[in-house]
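In: just need the structure, nothing else, for what follows:
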Amino acid sequence: DGNVDPARAQTLQINVEKAKGRIPEAIKQAYCIVVTVSEKDEAQAFKITVTDEPHFNIIKSDKRSRVQDTAITAEALLPEGPYNLWRPGETSRRVKDLAGAFAQLPHLPKMLKASAILDTLASGCEKGIFVLRLTRPDGTSRAWWMSRPDENALNDSALELVLPEGADLGELSPELLAPGKLPGLWTNEEITAKSVADYFSGSNVVQVERDGYQETMQIPKASQAVVDKAVGAAVEGGILWLLSGPASILGEPIPAGVLNASAKLCAPPAVIAAAEVLPENLAEAWKDGVASALSVATALSVKANKTLPWKTVRDVVSGALQARFLELAEDSQPWPCDFPSAQFVKLKVTAGAKAGVIGAGVKTGGALVLEADAELSPDQIQDLGDVMPKLLEVKAKANTPLRFHVHIEMGDGKTKPSAEAAKEVN
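Out: Here you go, the predicted model:
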């Protein structure tokens, strides 16, 4: 009659469910053979052990598949690297050819991401391992060394990788000349302009530390004109301070003839506190209660044992005027001014200025209390807020009270502010 015994029907249902449960595993096990191309460009098949991991992760982790999803090292792309990407005598290769080789040549790893190769190239260029050069349609070129090219340049088909020994830098970033930036350049606190030119002679090899060990690094060539232009830009940009005979240049163009082989380069001088130009701290600059900007510059230079650049002097005088430590005398020429006019700028201590100043606005408030006051602009108040955690940390370490007093002035001293404006401020 077609009726099935209930017990047998239940057994059948259990077996059917078990079979259905084994189907996915059977399918996974069926795809256990990987077929790929070997390093010798031969078809190769191998079996993987199927687990709960996705198939692709298992294939990728098997060394026989030679699949790589991480960036390779920049050194591996060089002629002495393991990939044999260069022909004898070559000093440059197009980046697109190097990147494409990993998709064409069977002995190279199978890179999952083409961007990983570009990341390697950009990283190697930043480390100074090689130079990246982009030739423009008009025949001129732009080169990157110890810096990262922009994305447009990295994706340009004309971009080339150039070995340092075959490169000739057409431009040099002024920031690279900052003290401590380039390995082996700053052997002392002061170096000469000639030592910078020698550094980029094209035959200079320095020692650098990478991953805990020392290795050699070839410095590419740059012409004297390129080096001089970079030095000039670094001095004008306030990155380097140039001393040449009586000349002391910072933050302004170098006059013709001042930049020579014996000219000295060093880091910019430290910022001088505004209170350092007051009579009690710089008596040599003052006579009969008056000082000129020139006498301040001379006295500060004697104190520093070097001819200070005009920018440093200008900044400290401006700071003293802004802090109302000083004011211009009646017969003074306007401020700010250039160095030739410094002798005509007359300064005097502001009437009613607080005495006892011993530093950058610091004075003794009684025998056992130190106080500091200064006129702050809105952005300087924000800066004070930024360093507040450090001040509180000093307070905690020294276990001493730290109090803040706020004094706000509104108005120019000539016209009383309106009640509406005062109400809004309140």
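In: going forward, measure contacts and count neighbours with C-alpha atoms only.
Out: Noted.
In: now do the end-to-end distance for stretch 178-189.
Out: Chord length of stretch 178-189, first to last residue, is 11 Å (Cα to Cα, to the nearest Å).
In: okay, buried residues for it please.
Out: Neighbour counts using 16 or more other Cα atoms under 10 Å place 178, 179, 182, 185, 186 of stretch 178-189 among the buried residues.
In: farthest-apart pair in those, please.
Out: 178 and 185 (9.7 Å; Cα to Cα).
In: rewinding a little: out of the buried residues of stretch 178-189, which are inside strands?
Out: Among the buried residues of stretch 178-189, no residue falls in strands (DSSP state E).
In: surely residue 290 and residue 345 touch.
Out: No - Residue 290 is beyond contact range of residue 345, at 10.2 Å (criterion: Cα atoms under 8 Å).
In: looking at the two, which is more packed in?
Out: Legend: neighbour count by other Cα atoms under 10 Å for residue 290 and residue 345, higher for residue 345 (20 against 15).
In: return the distance of stretch 182-195 from the chain's centre.
Out: The chain centre lies 19 Å from the centre of stretch 182-195; the measure is Cα atoms, centre = their mean, to the nearest Å.
In: sorry, wrong one. I was asking about stretch 407-418.
Out: Averaging C-alpha positions (Cα atoms, centre = their mean) puts stretch 407-418 43 Å from its chain's average.
In: same thing with stretch 298-316?
Out: 28 Å.
In: show residues contacting it.
Out: The set of residues external to stretch 298-316 that reach it, using Cα atoms under 8 Å, 6 or more residues apart in numbering, is 241, 246-251, 269, 271-274, 277, 282, 284-285, 296-297, 336, 338-339.
In: could you tell me the average pLDDT over the host helix or strand of residue 116, please?
Out: Using DSSP states H and E, the element containing residue 116 is helix 114-127. Averaged across helix 114-127, pLDDT comes to 87.
In: next one: it to chain centre, how far?
Out: Chain-centre distance of helix 114-127: 18 Å, with Cα atoms, centre = their mean.
In: would you mark the buried spots in it?
Out: Neighbour-count burial for helix 114-127 [16+ other Cα under 10 Å]: 116, 117, 118, 119, 120, 121, 122, 123, 124, 125, 126, 127.
In: repeat that for stretch 46-62.
Out: For stretch 46-62, by 16+ other Cα under 10 Å, it's 50, 59, 60.
In: how much space between the first one and residue 22?
Out: If you measure residue 50 against residue 22 using Cα to Cα, the figure is 14 Å.
In: so what touches stretch 248-258?
Out: Outside stretch 248-258, the residues within contact range by Cα under 8 Å, 6+ apart are 232-233, 235-238, 240-244, 247, 268, 307-311.
In: what about residue 423, how many residues close to it?
Out: If you count neighbours by other Cα under 10 Å, residue 423 ends up with 8.
In: phi, psi of it?
Out: Dihedral pair for residue 423: phi -70, psi -40, per degrees, to the nearest 10.
In: which residues touch residue 95?
Out: 157, 158, 159, 160, 161 are the contacts of residue 95 under Cα under 8 Å, 6+ apart.
In: apply 6 Å and report the result again.
Out: Contacts for residue 95 were tallied using Cα atoms under 6 Å, 6 or more residues apart in numbering; they are 159, 160, 161.
In: can you convert the residues you listed into CSV and add a column each for pLDDT, distance to residue 332 and secondary structure?
Out: Shown next, in CSV, are the contacts of residue 95 (pLDDT from 0 to 100; distance: Cα to Cα, whole Å; DSSP: H, G, I helix; E, B strand; the rest coil):
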residue, pLDDT, distance to residue 332, secondary structure
159, 94, 58, strand
160, 94, 59, strand
161, 95, 60, strand
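In: now the element after the longest helix seen in the chain, going C-ward?
Out: Using DSSP state H, we find that the single longest helix of the chain is helix 6-30. Downstream of helix 6-30, the first helix or strand assigned by DSSP H and E is strand 33-37.
In: okay, buried residues for that next one please.
Out: Within strand 33-37, no residue counts as buried by 16+ other Cα under 10 Å.
In: renumber starting at 898 from here on
Out: Fine by me, first position is 898 from now on; the one you just mentioned is strand 930-934.
In: same for that strand, what does it pack against?
Out: Packed against strand 930-934 by the contact rule (3 or more Cα pairs under 6 Å, 6 or more residues apart in numbering; DSSP states H and E) you find strand 940-944.
In: quick check: mean pLDDT across the helix or strand just after the strand it packs on?
Out: As assigned by DSSP H and E, the chain's next helix or strand after strand 940-944 is helix 952-958. Helix 952-958 shows a mean pLDDT of 78.
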